[in-house]
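>>> Give me a 3D structure for the following:
(chains A and B)
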Amino acid sequence: MKQVVSVSLGSHQRDHEAELTILGERVAVSRRGTDGDLDRAAAMIRALDGTVDAIGLGGIDRYLIVRDRRYEIEDARRLAQCATKTPVVDGSGVKNTLERDLVQQLHDEGIIRRSQTVLMVSAMDRFGMAEAFEALGYTLVAGDLIFSSRINYPIGSVDELAELARKLLPELARLPFQQLYPVGEDQITQSDPRFSHYFAQADIVAGDFHYIRRYMPDDLTNKVVITNTTTGGDVDRLEEAGVRLLVTTTPVVRGRSFGTNVIEAALVAVTGFLSDHPDWGQVVRQANLKGTRIALRPSRQESRP
Amino acid sequence: MTLLEALTQFAYECNHNDRLQAMNRDWTRRIQLDPDDTHLPHYIISDSGQLSVGAGAVDNPDLLITSSEEILTAVFSGQMTPTEPYNAGDLMVKGRQDDVMRLDILTLLIWGE
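Numbers count the residues shown, from 1 in each chain, chains lettered A, B, ... in the order given. This next block holds a predicted model:
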């Protein structure tokens, strides 16, 4: 069986092991959190190098692909370079395809409608999803500055998002990653209600779950949430908040939806292709990786006596 | 260019940029720049996003930025990004991380690309 390990800067409390079947092949997956400790993550990658089929980088993006430009986070590059034999991937190779296609599918099936407003808590790391929403005519608010830097400025279009990325990312990508994104224990801090009105105004909340969990208000009645890396506890919390439907962009196994880095690592392990291979897009689609749709509000109503 | 001239230009750019005004409408802070060579402090005050600058110190600054006057001048005039001296240990900032990040973003949006 192929073996994949996701080395994450996230909390070790979210560690888990599971088995995935990708393109008919079984893959053993293990997630190992390093609580934001870059040195420990680097040591772990060095130790794993040559002993597993692929390594995923979790809790950190190596590449942010915004329109025709690719920005590289320096800390992630340093981590990836700790392995010389085993491929190290961050999930950006599947995000663009999977998440773009998912929005189109949800729209085609009438699960979401273009009259609805979308809050993407972060979109520079999910530009494909943001482009898909806008191309389909949805009103989009991107909260990158709000939720990553507490600058109360909603970004209102993918053009503006791309412009801000051009101006900011070449420099911000060089900063220590902890300054850009919550890692380790910072991922499980108390909720922050300062920007709850952006959630209240949205019908669809999408993007990174760490930001959603930290900033979501108690009441998300009737909203659709599109995200991944949720645990069973996260699903319970969304249900308590009244979320109508949770859509994960990656498959759920044993109650958890995997990070895109795990999915990309599994695909690399099985096919031997990296995301720059000309057939990569075809491989991702052939894998037929279905996210999961969890109807929360109806299930809560049904469970009532 | 002197540090005061660089700061004056920085404040002008910020105060005449609608997007930056919108971003900083809830940002009121006192920032002190301490050149560690000339020891002649300067300040930036943001009052709901409207910046004023000057020579001298401020009481109880929210953000204290220490570097050489040459580097401070280069950063606030857009000749150098803050990341470079910060990562090299030539620029020290004391204050809340959110304020440090916001100042980084302001300089990049004024002088970036």
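
>>> Get me the contact residues on chain A for chain B.
Neighbours of chain B within chain A, by CB under 8 Å from any CB of the partner chain: A:145, A:149-153, A:164, A:166-168, A:170-172, A:174-175, A:179. The C-beta positions use only the backbone N, C-alpha and C, and glycine is treated the same way.

>>> Just flag the most distant two among those residues.
Pairwise distances across the residues of chain A next to chain B peak at 25.3 Å for A:152 and A:174 (criterion: CB to CB).

>>> May I have the beta-bridge partners of residue 29?
All of this refers to chain A. residue A:4, residue A:18 (DSSP bridges).

>>> right idea, wrong chain: chain B
Counting by DSSP bridges, the residues bridging with residue B:29 are residue B:46.

>>> Roughly how far does it sit from residue A:233?
37 Å (CB to CB, to the nearest Å).

>>> what about the two, which has more around it?
Ranked by neighbour count (other CB atoms under 10 Å in any protein chain shown), residue B:29 and residue A:233 place residue B:29 first, with 19 against 11.

>>> Tell me who's in contact with residue B:77.
By CB atoms under 8 Å, 6 or more residues apart in numbering or on different chains, the contact set of residue B:77 is B:1, B:5-6, B:9-10, B:111.

>>> and the residue in chain B positioned nearest to chain A, what does it touch?
Nearest residue of chain B to chain A: residue B:112, at 3.5 Å (CB to the nearest CB). Neighbour list for residue B:112: A:166-168, A:170-171 [criterion: CB under 8 Å, 6+ apart].

>>> where does it land on pLDDT?
At residue B:112, the model reports a pLDDT of 72.

>>> any idea how far residue A:36 is from it?
Applying CB to CB to residue B:112 and residue A:36 gives a distance of 28 Å.

>>> One more: residue B:22?
Distance, residue B:22 to residue A:36, using CB to CB: 32 Å.

>>> Go ahead and build a ChimeraX selection from the buried members of the contacts of residue B:112.
Only the buried entries of the contacts of residue B:112 go into this ChimeraX selection, using 16 or more other CB atoms under 10 Å in any protein chain shown:
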select /A:167,168,170,171
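
>>> Let's see which of the contacts of residue B:112 end up in helices.
Those of the contacts of residue B:112 mapping onto helices are A:166-168, A:170-171, per DSSP state H.

>>> Pass me the low-pLDDT residue ranges in chain A, would you?
Applying pLDDT under 70 to chain A flags residues A:184-190, A:298-305.

>>> which stretches of it form helices?
With DSSP H, the ranges of helices along chain A come out as A:38-48, A:74-80, A:92-108, A:127-135, A:144-149, A:158-172, A:196-201, A:209-215, A:232-240, A:260-271, A:280-286, A:296-303.

>>> Who's the closest spatial neighbour of the residue of chain A found nearest chain B, skipping the chain neighbours?
Nearest residue of chain A to chain B (CB to the nearest CB) works out as residue A:167 at 3.5 Å. Leaving aside its sequence neighbours, residue A:167 sits nearest to residue B:112 (CB to CB, 6 or more residues apart in numbering or on different chains; 3.5 Å).
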